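*Asks:* show me the folded form of this:
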Amino acid sequence: MHYLGEYGTHGDGMARPRGMRASSSHVKPQPFSFEERQQMKKKSIMQERMEQDLALRAEKEALELQGGFKAKPLPRSTIEPRYLYMLEEAQFQREQNIAKRKARLQLMEKPFSFWHRSKAAIEAKDDMAARARERRAEAYRMRGFRAKPVPRSTSEARYHLMEAADQRRRSARKHAAFNKWTEARLPPRMQKWQEIAEQHKEADEQARARSKFKFQPSAGGKRLGHVPDFNSMHDKFREELVMVKKGREPTKPEPFRLHKYRNADDRLRRTYVDIALDETNLPEQRWPFSKHGRQKVNPAAKPAMVPMTETDLRRMETSAQYQRRMAVKKQKDLGQYDDKEGRERRIQEKRMQEAEHRAQAWVHAQRRILEARGADVEKEMDEAEAMGA
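*Replies:* All right, here's what the predicted structure looks like:
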């Protein structure tokens, strides 16, 4: 027994509590109304879009994880010399195409064409140039080499003679310069005006000597206010100029005569030969590293042809042209050349397809979740559709 008793009082006189008894009811937690409202609330477009994206990504990852990696076998092109085969096949195909094209041109060419006449004239011109080139080469080969005799200046003492000649030239130049300086005169007109100026100066000095300290105005022997007759002076100058021009013979232009030919036909033939040689012998400056150099261009009249049909064009189409046409068609199908309305229509169709794909992926994901829970899939999906509607 406790020192205070089983149900006695404590030292302070207060009664102690008895044993704990079990409650007859339990607390059952209930969800709040706003939580139920939040669960029953319709999802926003952003939430549905995010769920669809997640479902689509999960589906893609599942498909990628299902298939394992398997390396492909080594291609035979790495161990076979196919490049040589390709070159030979391309050369053979090129020759076949050239032969077919020539045959096709012969069939398409109309009668009475000037193509053959122009071609024959070009061949004759080339033949003439080739013969002239061969004649020049043969003349150059036939002309032998002959050395010139040794000049006498290498065996004679000419240095003192050269010094004496140089001294004579310097003395002659000096003497000629002195003579020209002593004989130098002004041009006639300037000499005349210089003499007139000297005469006026002398007259002024004499007048100044006669009328010294007379305080009378003087104007070179002329009275004040005198105006020269400029019209008569101009007429006199024109007459002198006409007389000088009449005394000189004008220059007569004459053509240059660098080469002499017997007649005009020979000169024309030599001109044509030089032109033909220049066409083949001039170096190529635009493409200096070209294998064949500058190719000769033979302009000729275009032969008359029968109009080509769509079938002929397709038959003559090369691989590069076919690939270019297919690339243009592909770009056209993708909307590269559409107008504004066409581009907007394509964008709207693409958005609708993406939305449909996302919705299907979300439905599949929801089906898998319901199947994993063991619920009735069809019933749950119908209820979800009814709520969404």
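
*Asks:* please, which helix or strand holds Met326?
*Replies:* Assignment of secondary structure by DSSP states H and E places Met326 within helix 319-333.

*Asks:* avg pLDDT for that helix?
*Replies:* Averaged across helix 319-333, the pLDDT comes to 91.

*Asks:* now swap in stretch 34-52 and tell me
*Replies:* When pLDDT is averaged over stretch 34-52, the result is 80.

*Asks:* so what's Ala132 up against?
*Replies:* Residues touching Ala132, when contacts are defined by Cβ atoms under 8 Å, 6 or more residues apart in numbering, comprise Val273, Ala276, Leu277. (C-beta placed from N, C-alpha, C; glycine too.)

*Asks:* and for Asp312?
*Replies:* Listed by Cβ under 8 Å, 6+ apart, Asp312 has no contact partners.

*Asks:* quick check, pLDDT for it.
*Replies:* On pLDDT, Asp312 comes in at 81.

*Asks:* pretty sure Gln191 sits against Glu198.
*Replies:* No: with contacts counted by Cβ atoms under 8 Å, Gln191 stays clear of Glu198, the gap being 10.6 Å.

*Asks:* poorly predicted segments of the protein, please.
*Replies:* 1-25, 109-113, 211-226, 257-262, 280-304, 377, 384-389 (pLDDT under 70).

*Asks:* how about the helices of it, start to end?
*Replies:* Taking DSSP state H as the criterion, the chain contains helices spanning 33-40, 45-66, 82-108, 115-142, 159-183, 188-210, 230-246, 264-281, 310-315, 319-333, 340-373, 377-388.

*Asks:* of all the ones you listed, which one is nearest Val150?
*Replies:* Closest approach to Val150 among the helices of the chain (Cβ to Cβ): helix 159-183, 18.4 Å.

*Asks:* quick one: that closest one to chain centroid distance?
*Replies:* Centroid displacement of helix 159-183 relative to its chain, using Cα atoms, centre = their mean, to the nearest Å, is 65 Å.

*Asks:* same question, stretch 151-166
*Replies:* Relative to the mean C-alpha coordinate of its chain, stretch 151-166 is positioned 64 Å out (Cα atoms, centre = their mean).

*Asks:* quick check: buried residues in it?
*Replies:* Counting neighbours by 16 or more other Cβ atoms under 10 Å, one finds that stretch 151-166 has no buried residues.

*Asks:* mind exporting it as PDB, just the C-alpha atoms?
*Replies:* Backbone C-alpha positions of stretch 151-166 (Å, rounded to 0.1, in the frame of the first residue of the first chain) are rendered in PDB as follows:
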ATOM      1  CA  PRO A 151      83.300  42.800-131.600                       C
ATOM      2  CA  ARG A 152      86.500  44.700-132.100                       C
ATOM      3  CA  SER A 153      85.900  46.700-128.900                       C
ATOM      4  CA  THR A 154      86.800  43.700-126.800                       C
ATOM      5  CA  SER A 155      90.400  43.600-128.200                       C
ATOM      6  CA  GLU A 156      91.200  47.300-128.600                       C
ATOM      7  CA  ALA A 157      92.300  49.900-126.100                       C
ATOM      8  CA  ARG A 158      89.400  52.400-126.500                       C
ATOM      9  CA  TYR A 159      89.100  54.000-123.100                       C
ATOM     10  CA  HIS A 160      91.400  57.000-123.800                       C
ATOM     11  CA  LEU A 161      89.600  57.500-127.100                       C
ATOM     12  CA  MET A 162      86.200  57.500-125.300                       C
ATOM     13  CA  GLU A 163      87.500  60.100-122.800                       C
ATOM     14  CA  ALA A 164      88.800  62.300-125.600                       C
ATOM     15  CA  ALA A 165      85.400  62.000-127.500                       C
ATOM     16  CA  ASP A 166      83.600  62.800-124.300                       C
END
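
*Asks:* what comes into contact with it?
*Replies:* Outside stretch 151-166, not one residue touches it by Cβ under 8 Å, 6+ apart.

*Asks:* Ile275 and Met190: what is the separation?
*Replies:* Ile275 is 56 Å from Met190, where distance means Cβ to Cβ, to the nearest Å.

*Asks:* coming back round to it: make CSV from the contacts of Ala132 and add neighbour count and distance to Gln336 to it.
*Replies:* As requested, those are arranged in CSV below (neighbours: other Cβ atoms under 10 Å; distance: Cβ to Cβ, whole Å):
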residue, neighbour count, distance to Gln336
Val273, 18, 57
Ala276, 19, 51
Leu277, 15, 53
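
*Asks:* of those, closest to Tyr337?
*Replies:* Closest approach between the contacts of Ala132 and Tyr337, by Cβ to Cβ: Ala276, at 50.2 Å.

*Asks:* list the contacts for the nearest residue to the closest one once chain neighbours are set aside?
*Replies:* Beyond its immediate neighbours in the sequence, the residue positioned closest to Ala276 (Cβ to Cβ, 6 or more residues apart in numbering) is Ala129, lying 3.2 Å away. By Cβ under 8 Å, 6+ apart, the contact list for Ala129 reads Val273, Ala276, Leu277, Glu279, Thr280.

*Asks:* just give me the neighbour total for Pro81.
*Replies:* Taking other Cβ atoms under 10 Å as the criterion, the count of residues near Pro81 is 8.

*Asks:* and it, its phi and psi?
*Replies:* In this entry, Pro81 is assigned phi and psi values of phi -80, psi 70 (degrees, to the nearest 10).

*Asks:* OK, contacts around it?
*Replies:* Applying Cβ under 8 Å, 6+ apart to Pro81 gives no contacts.

*Asks:* which one of the helices of the chain lies nearest to Pro149?
*Replies:* When the helices of the chain are ranked by proximity to Pro149, the top entry is helix 159-183, at 20.9 Å, counting by Cβ to Cβ.

*Asks:* re earlier: let's have the contacts of Ala132 in a markdown table, adding distance to Ala355.
*Replies:* Formatted as a markdown table, the entries for those read as follows, by distance: Cβ to Cβ, whole Å:
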| residue | distance to Ala355 |
| --- | --- |
| Val273 | 81 |
| Ala276 | 75 |
| Leu277 | 77 |
